[in-house]
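Novice: can you look at this prediction? I've put the sequence above it.
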Amino acid sequence: MSQSGTRTDSDQTPALATIPAQRSPADDPIPAPRAAEPARTGFGWRAAVLAMSLYTALRLLCLAAAWFFATEQHRDLWGLLRKYDAGWYAQIANHGYDSVVTMKPDGSMGLTNLAFFPLLPGLSALLDPILPGGAGSAGILISWLFGAVAAAGLYAVGSHLRDRTTGVMLAAVWAVIPHGFVESMGYSETLFTALAAWSLYALLRRQWLVAGLLCLLAGLTRPSAAALILVVMLSALVAAVRRRDGWRPWVAAVLAPLGFLGYLAWVGDRLGRWDGYFLVQRDAWRMSYDFGAYTVDTIHGLLTTPGPLALYVVILVLLVALGLTAILIVDRWPWQIWLYTLVFFAMAFFGDSYFNSKARYLIPAFTLLLPVAAALAKTRRAVAVVVLTVMTLLSAGYGAYLCLVWTHSP
């Protein structure tokens, strides 16, 4: 990076009133190299708009492919975008949370919407009266809107850590990951990713209050906000120990977990026990952690007994994610980046439930894609176009498979 105002040796050497001796050309000093052009400064709004536009265009292409195949089979694509978790969010927006949890005849706990965090259904309930199509359609539109906001946040992180081209590539690659179809459903992944990306960006720039507030909102969106909360609070602790930025890191550390803990406390109060949310996760939805035994056993079974395509794709995604996480650490990306990624991967790998959803759980771990985006930014434009084209075709085809062939939540 060039520095303005740098003094050279000649600035400090007094002129000598002597006649210089004759010199040969070989004795002439080597000319000083020209100063490098100053690096571009500022956020780069035009590049940010490009990232959002490229993300939107790639997602629309993938949706167009899904619509083509759905129409061929006389299926309603809009209805497919409102299935599974999207339906639960719409039900909360329309009717609120369960006041009691039903029990099955065998004494086990039935499914309940208390497992779903409130920000997305809350936004859907606000938009439902002014949008056609009901709360389910509102959830889809929110997902699309925050997909673009997330793309801008990914650009911000990528450009801050490397350059603007890396930021644009990061948004583009995130649009065409294998499970990118979920980014177009009425799920909370795009909303959470937007909040997480902008919170990390603020954190890297030491904008503590913004980082804390966005982390608070992320904690109202998904339980995986625990990864972001850990990073924000640990960063605040480091800043406090180093006596940097005064009182702001302390406030960020207080704000960061409030949304997450607030919802857990509310569910606990509703069920009359402090661990109510964990009870719902464990007994109703059969979700817990077992240090990876379930994941390893499932992979072993799939390698020895034939299984559906979706589960093999999950294995591939987990392996690639493990490799990319290692690259982030080895290449010495900022510790906040690789810690966020590592915790996300650990939550997906160590979880004892829903093997088919483990790849989807990694969608908000956009930081996994930073090495890929950085590599595409350095390569020739034609190579980047080819890579993105192939990824788009694969994402579009797999998205059609997920919504038309696969019969479970992606």
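Specialist: Good, I have the coordinates. Numbers count the residues shown, from 1 in each chain.
Novice: dump the residue contacts of Ala373.
Specialist: The contact partners of Ala373, by Cβ atoms under 8 Å, 6 or more residues apart in numbering, come to Gly158, Arg162, Thr166, Gly167, Met169, Leu170, Ala172, Val173. Quick note: C-beta positions are derived from backbone N, CA and C, even for glycine.
Novice: so how far is Asp331 from it?
Specialist: To Asp331, Ala373 is 13 Å away according to Cβ to Cβ, to the nearest Å.
Novice: which residues touch the spatially most central residue of the chain?
Specialist: Centroid check for the chain by Cα atoms, centre = their mean gives Pro364 as the closest residue, at 2.7 Å. Remark: with contacts taken as Cβ under 8 Å, 6+ apart, Pro364 is in contact with Glu189, Phe192, Thr193, Ala196, Arg222, Ser224, Phe344.
Novice: hang on, it in a helix?
Specialist: No: using DSSP: H, G, I helix; E, B strand; the rest coil, the assignment for Pro364 is coil, not a helix.
Novice: what about the stretch 1-150 of the chain, any weak spots by pLDDT?
Specialist: Along the stretch 1-150 of the chain, the parts satisfying pLDDT under 70 run over 1-41.
Novice: residue ranges of the strands in it, please?
Specialist: For the stretch 1-150 of the chain, no strands are identified by DSSP state E, counting those that start in this stretch.
Novice: now the helices for it?
Specialist: 9-12, 45-72, 77-80, 85-95, 119-127, 134-161 (DSSP state H, counting those that start in this stretch).
Novice: Met169 is in contact with Ala384, isn't it?
Specialist: Yes: counting by Cβ atoms under 8 Å, Met169 touches Ala384, with 6.9 Å between them.
Novice: next one: the nearest residue to Gly307 once chain neighbours are set aside from Leu311, what distance?
Specialist: Spatial nearest neighbour of Gly307, excluding adjacent residues (Cβ to Cβ, 6 or more residues apart in numbering): Gly301 at 7.5 Å. Distance of Gly301 to Leu311, computed by Cβ to Cβ: 9 Å.
Novice: next one: Ile327
Specialist: 25 Å.
Novice: cool, Arg270 as well?
Specialist: Relative to Leu311, and taking Cβ to Cβ, Arg270 is found at 35 Å.
Novice: got it, and Ile337?
Specialist: 29 Å.
Novice: for Ala66, same thing?
Specialist: 21 Å.
Novice: returning to what we had before: how deep is the residue nearest to Gly307 tucked in, by neighbour count?
Specialist: Residues near Gly301, counting by other Cβ atoms under 10 Å, number 12.
Novice: host element of it?
Specialist: helix 293-304 (DSSP states H and E).
Novice: repeat for Ala374
Specialist: helix 370-378.
Novice: list the buried residues of that helix.
Specialist: Leu370, Pro371, Val372, Ala373, Ala374, Leu376, Ala377 (16 or more other Cβ atoms under 10 Å).
Novice: ok, back up a step: now for Met169 and Ala384: what residues contact both?
Specialist: By Cβ under 8 Å, 6+ apart, Met169 and Ala384 have these common neighbours: Leu376, Ala377.
Novice: more neighbours, the two?
Specialist: Shown here are Met169 and Ala384; by other Cβ under 10 Å, Met169 has more neighbours (30 against 20).
Novice: from Ile177, how far out is the closest residue to the more buried one other than its chain neighbours?
Specialist: With Cβ to Cβ, 6+ apart as the measure, Ala373 is the residue that lies nearest to Met169, at 4.0 Å, once sequence neighbours are left out. From Ala373 over to Ile177 the distance is 12 Å, taken as Cβ to Cβ.
Novice: wait, isn't Leu154 in contact with Ala171?
Specialist: Yes: at 4.5 Å, Leu154 counts as touching Ala171 under the criterion of Cβ under 8 Å.
Novice: tell me, what's touching those two both at once?
Specialist: In contact with both Leu154 and Ala171: Ala51, using Cβ under 8 Å, 6+ apart.
Novice: ok so, going back, distance of the residue nearest to Gly307 relative to Ile177?
Specialist: Counting by Cβ to Cβ - Gly301 and Ile177 are separated by 25 Å.
Novice: same check on Leu141?
Specialist: 21 Å.
Novice: so which of the two has more stuff around it?
Specialist: Neighbours per residue, other Cβ under 10 Å: of Leu141 and Ile177, the larger number sits with Ile177, 23 against 15.
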